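[1] Okay, sequence plus prediction incoming.
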Amino acid sequence: MGETARGDVDEARRVAALRELDVLDTPPEERFDRVTRLAQQLFGVQMAFVSLVDADRLFLKSRQGTTARETPRDGMFCAVAIEQPATLVVPDAALDPRFAVAPFVTGDPHIRFYAGRPLATAGGQRVGTLCLMDRRPREFSAEDEALLTDLAAWVEKELSADAELGRAAEVQRGLLPTGAPDVPGWDLAGACLPAHGVGGDFYDWQATPGRLLLTLADVMDRGLGAAIIAATVRSVLRGVGRHEDVAAAVALAERVLEPDLDRAGAFVTAFHAELDPATGVLRYTDAGHGLAVLRAADGTLRRLPAQGPPLGVVVGVPRVAAEVALAPGDTLAVVSDGLLERGDRALDPEDVLAGPLGAATSAADAVARVLAAAGTATDRLDDVTVVVLRRENG
């Protein structure tokens, strides 16, 4: 392979690694801004950036000293900096033929000083820089370079965390049901929208001879830790649910999970139910969740009450079950509290669900309408999960 072809392949891999981080064209984040603020103060420079070098542009994930968010890549300091493993230092750009006529990242032709440390992924691909700029020429000592390297390592850890969250999100999505089981006379659908890539909500279902098991749970935490606990809860309930009554299954799951929940300082609300498709009787245990709503065929709604505290709050408390019968045309919807959060207040599930459930023509349509009511991703403060079960008419 020739040098040009090899270079094209390497650049394609580098850009792919950058895009896998999923940080391009995203809003500013305090975890990056605190680094650039600190860099600006420590070095006394006019500008400090976290610059991500895309195929044909620079995207400024964090910026101090300019309002620019992106600029063309050609002729820029950072495009040169990522081509080498060490820090690129330009004491005086006016004396450096590589940059003497470039407008640079800010569109400012008067930039004189630049220092940029490449930012690499865990796989070694250089995807951007932590850089300093000033309109005055400056010297940059070995101690300065060591400090900039340390700050760049901080940024790399944050980028690495993004990559880990991305992989965790893929795993978590793989644990959700891929489709509803075929249960004659019944229509079932569900969805989960994490607020931050991964989250602590999950839903699950299993069809066994003569019954359908449904679960929706919400770990009272967010992020990767909540996702790990949610995966554990799902696994335990899935394992014991096939062999136990719903109340016994929840009680056994709580005993198994007690050490993990105690160490994590977490607790879990859960709705776990068993449907007899032939009779329409739903036997359920609600551990502190309290967000299951039954809509009758005539349009009336009632909430199914919780029957005990969340898992991990008071271990050993007896778990009990209740029963409700779903008649033809009835719909059961179970949601997580992320659907109900609106700024500093919480809405009632009956109020939020009345419209979507009344207008829906199927379980999948009801789920879509409920998610639409949850707002956009930027509006959501918490994970949103919903499961809808409808008994068909006739």
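    Structure's in. What do you need?
[2] Please identify the pairing partners of the helix or strand encompassing V386 and their relative orientation?
    V386 is part of strand 384-391 when elements are defined by DSSP states H and E. Sheet pairing of strand 384-391 (DSSP bridges) gives strand 186-193 (antiparallel), strand 331-335 (antiparallel).
[3] for stretch 22-30, how far is the first residue from the last?
    17 Å (Cα to Cα, to the nearest Å).
[4] Might one say that L151 is in contact with V35?
    Yes - taking contacts as Cβ atoms under 8 Å, L151 lies within contact range of V35: 5.7 Å. Where you see a C-beta, it was placed from the backbone N, CA and C, and this is true even at glycine.
[5] neighbours around D365, how many?
    A count of neighbours around D365, defined by other Cβ atoms under 10 Å, yields 17.
[6] Per-residue pLDDT of it, please?
    Here, the pLDDT recorded for D365 equals 94.
[7] just the one 3 residues further on next, same as before
    pLDDT, the model's per-residue confidence, is 92 for A368.
[8] contacting residues for it?
    By Cβ atoms under 8 Å, 6 or more residues apart in numbering, the contact list for A368 is empty.
[9] before we move on, what SS does it have?
    The local conformation at A368, judged by DSSP: H, G, I helix; E, B strand; the rest coil, is helix.
[10] so where's the stretch 1-150 of the chain uncertain?
    The stretch 1-150 of the chain contains residues with pLDDT under 70 at 1-8, 99-109.
[11] any chance you could map the helices in it?
    Under the criterion DSSP state H, counting those that start in this stretch, helices of the stretch 1-150 of the chain are mapped to 3-20, 30-43, 77-81, 142-175.
[12] and among those helices, the most buried is which?
    Of all the helices of the stretch 1-150 of the chain, helix 77-81 carries the top mean neighbour count, a mean of 23, counting by mean count of other Cβ atoms under 10 Å.
[13] Now find how far off-centre it is within its chain.
    31 Å (Cα atoms, centre = their mean, to the nearest Å).
[14] Mind listing residues that contact it?
    So helix 77-81 is contacted by 49, 51, 53, 58, 73, 87-88, 90, 98-99, 102, 104-105, 114, 116-118, 128-129, 131, 133 (Cβ under 8 Å, 6+ apart).
[15] before we move on, the earlier item: can you redo the helices of the stretch 1-150 of the chain as CSV, where the extra columns are distance to A231?
    Output for those, formatted as CSV (distance: least, Cβ to Cβ, whole Å):
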stretch, distance to A231
helix 3-20, 22
helix 30-43, 25
helix 77-81, 39
helix 142-175, 6
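[16] Out of those, which gets nearest to L213?
    Minimum separation from L213 across the helices of the stretch 1-150 of the chain (Cβ to Cβ) falls at helix 142-175, 15.4 Å.
[17] For the closest residue in space to D25 that isn't next to it in sequence, give me its contacts.
    Computed as Cβ to Cβ, 6 or more residues apart in numbering, the closest residue to D25 that is not its neighbour in sequence is F59, at 6.6 Å. Listed by Cβ under 8 Å, 6+ apart, the contact set of F59 reads 24-25, 51-52, 69-70.
[18] looking at the strands paired with strand 384-391, which one has the lowest mean pLDDT?
    Looking at the strands paired with strand 384-391, the bottom one is strand 186-193 with a mean of 91.
[19] and that strand, how far from the chain's centre?
    The chain centre lies 20 Å from the centre of strand 186-193; the measure is Cα atoms, centre = their mean.
[20] tell me which residues in the following helix or strand past that strand are buried?
    The helix or strand immediately downstream of strand 186-193 is strand 201-208, counting by DSSP H and E. Of all the residues in strand 201-208, those buried under the rule 16 or more other Cβ atoms under 10 Å are 201-207.
[21] and strand 201-208, average pLDDT?
    On average, strand 201-208 scores 87.
[22] Can I get it as PDB, trimmed to CA atoms?
    Extracted C-alpha coordinates of strand 201-208, given in PDB (Å, rounded to 0.1, in the frame of the first residue of the first chain):
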ATOM      1  CA  ASP A 201     -34.800   2.000  34.000                       C
ATOM      2  CA  PHE A 202     -35.700  -1.300  32.300                       C
ATOM      3  CA  TYR A 203     -38.600  -3.300  31.300                       C
ATOM      4  CA  ASP A 204     -38.900  -7.000  30.500                       C
ATOM      5  CA  TRP A 205     -41.400  -9.700  29.600                       C
ATOM      6  CA  GLN A 206     -41.500 -13.400  29.200                       C
ATOM      7  CA  ALA A 207     -44.200 -15.700  27.800                       C
ATOM      8  CA  THR A 208     -44.400 -19.100  29.500                       C
END
